[in-house]
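Mind folding the following:
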Amino acid sequence: MPLDRPEDSGTVILTQAAANRVQTLRALEGNPALHLRVSVLGGGCSGFQYKIGFDEAVQSDDRVFETDGVKLLVDDTSMEFMTGAEVDFVDELIGAAFKINNPNATASCGCGTSFSVF
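Down below sits the predicted model:
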């Protein structure tokens with residue numbers, strides 16, 4: 001169930017489920033210093049796509065959001081497309097993955113990896 005959207009438009013929410021998954025993956029990697037990084041890149045069938053990965057370093061242009069000791073890093077350029085978004089982790093019968101619920105996306109592709117804001 002999605003959380004209520006924040007009043008502060010400069011916020012991205014990292015759900016507890018996503019934070020729990022990052023903690024599990026950090027333990028498997030043996031590296032508690034890993035942060036979750038989400039970026040928006042040009043590409044995909046709808047115009048933009050998400051890149052999700054780990055990073056040990058916080059860059060000078062990063063916005064940092066934290067849930068239960070897990071940091072989510074989003075660079076300033078990506079924030080233009082992600083303001084008000086929610087980064088979640090879903091574990092369903094068809095698979096488990098990080099999922100981004102983005103109120104700025106006006107359309108997305110069938111696989112959910114790319115989106116449009118126009």
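
is Ala96 in a bridge, and if so with what?
Here Ala96 sits in beta bridges with Asp91, going by DSSP bridges.

what packs against the longest helix along the chain?
Scanning the chain for the helix with the most residues, using DSSP state H, yields helix 16-29. Judged by 3 or more CB pairs under 8 Å, 6 or more residues apart in numbering; DSSP states H and E, the packing partners of helix 16-29 are strand 62-67, strand 70-75, strand 86-92. C-beta here means a position set from N, CA and C on the backbone, and glycine is covered the same way.

Just the angle for it relative to strand 70-75, thanks.
100 degrees (axes from the mean of the first three to the mean of the last three CA atoms, to 10 degrees).

what separates Phe98 from Ser60, distance-wise?
25 Å (CB to CB, to the nearest Å).

of the two, who's got more company?
Ranked by neighbour count (other CB atoms under 10 Å), Phe98 and Ser60 place Phe98 first, with 18 against 6.

For the most centrally placed residue in the chain, list the residues it contacts.
Note on the chain: the residue nearest the mean C-alpha position is Val87, at 4.1 Å, using CA atoms, centre = their mean. Counting by CB atoms under 8 Å, 6 or more residues apart in numbering, Val87 makes contact with Val12, Ile13, Leu14, Thr15, Ala18, Leu36, Val38, Leu72, Phe98, Lys99, Ile100.
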